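Engineer: Sequence plus the predicted model coming up.
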Amino acid sequence: MESRVQAAADRHSRGHNCAQAVACTYADLAGVTEEDMFRLTSGLGLGMGCMEGTCGALSGACLLSSLLTHGEGGKAAAYAASRKLVERFRSEVGATRCRDIKGIDTGTVLCSCQECVIRAAGIVEDVLLTEKNV
């Protein structure tokens, strides 16, 4: 499969929230229409709407892990895939909570939203799609 990381970044630049940008980019591979994925991920942007929750880009990636691993072991497979996504994202970005990534309490921004989308999309491709040979 050709990389779709730039397509995720483009969606974010056009106004998709971070979760939408990542999840909508791979909706077809997950068996969901882009319109439905857009609606499903609306409340996940901005750290679940309040900057207190998980980064939207990572949340979108974890939603994809559920959809892409569904037939391969149910919850256990989805949990394992999501754990890989979270660990890799934390390693690359330095945090998983939107507030921490944006440096609200520290004044130090760890990563821009656009870069979070790019990193999350790359991790989706490496962890979820490369291992599945999609």
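Structural biologist: Now that the structure is in, tell me what you want to look at.
Engineer: for the protein, which spans come out with low pLDDT?
Structural biologist: Low-confidence segments of the chain, defined by pLDDT under 70, are located at 131-134.
Engineer: Let's see that with 80 instead.
Structural biologist: Where the chain drops to pLDDT under 80, the residues are 70-73, 131-134.
Engineer: tell me how far the biggest helix by length in it is from the chain's mean position?
Structural biologist: The helix that spans the most residues within the chain, counting by DSSP state H, is helix 74-93. Offset of helix 74-93 from its chain centre (C-alpha atoms, centre = their mean, to the nearest Å): 11 Å.
Engineer: Give me the neighbour count for Thr106.
Structural biologist: Other residues lying near Thr106 total 10 when counted by other C-beta atoms under 10 Å. From N, CA and C alone the C-beta is placed, and that goes for glycine too.
Engineer: For it, give me its contacts.
Structural biologist: Counting by C-beta atoms under 8 Å, 6 or more residues apart in numbering, Thr106 touches Asp100.
Engineer: For Lys75, see how far away it is.
Structural biologist: Remark: distance between Thr106 and Lys75 (C-beta to C-beta, to the nearest Å) = 35 Å.
Engineer: for Thr69, same thing?
Structural biologist: Per C-beta to C-beta, Thr69 is found 9 Å from Lys75.
Engineer: So between these two, which is more surrounded?
Structural biologist: Thr69 (20 against 10).
Engineer: Can you read off the backbone torsions of the more buried one?
Structural biologist: As for Thr69, its main-chain torsions (degrees, to the nearest 10) stand at phi -110, psi 0.
Engineer: Could you do Cys111 as well?
Structural biologist: Note on Cys111: its backbone torsions stand at phi -170, psi 140 [degrees, to the nearest 10].
Engineer: okay, now the nearest residue to it once chain neighbours are set aside: neighbour count?
Structural biologist: Counting by C-beta to C-beta, 6 or more residues apart in numbering, the nearest residue to Cys111 once its immediate chain neighbours are dropped is Val93, at 4.8 Å. The tally of other residues near Val93 (other C-beta under 10 Å) stands at 20.
Engineer: I'd guessed Val93 sits against Cys116; true?
Structural biologist: Yes: with contact defined as C-beta atoms under 8 Å, Val93 counts as touching Cys116 (6.4 Å).
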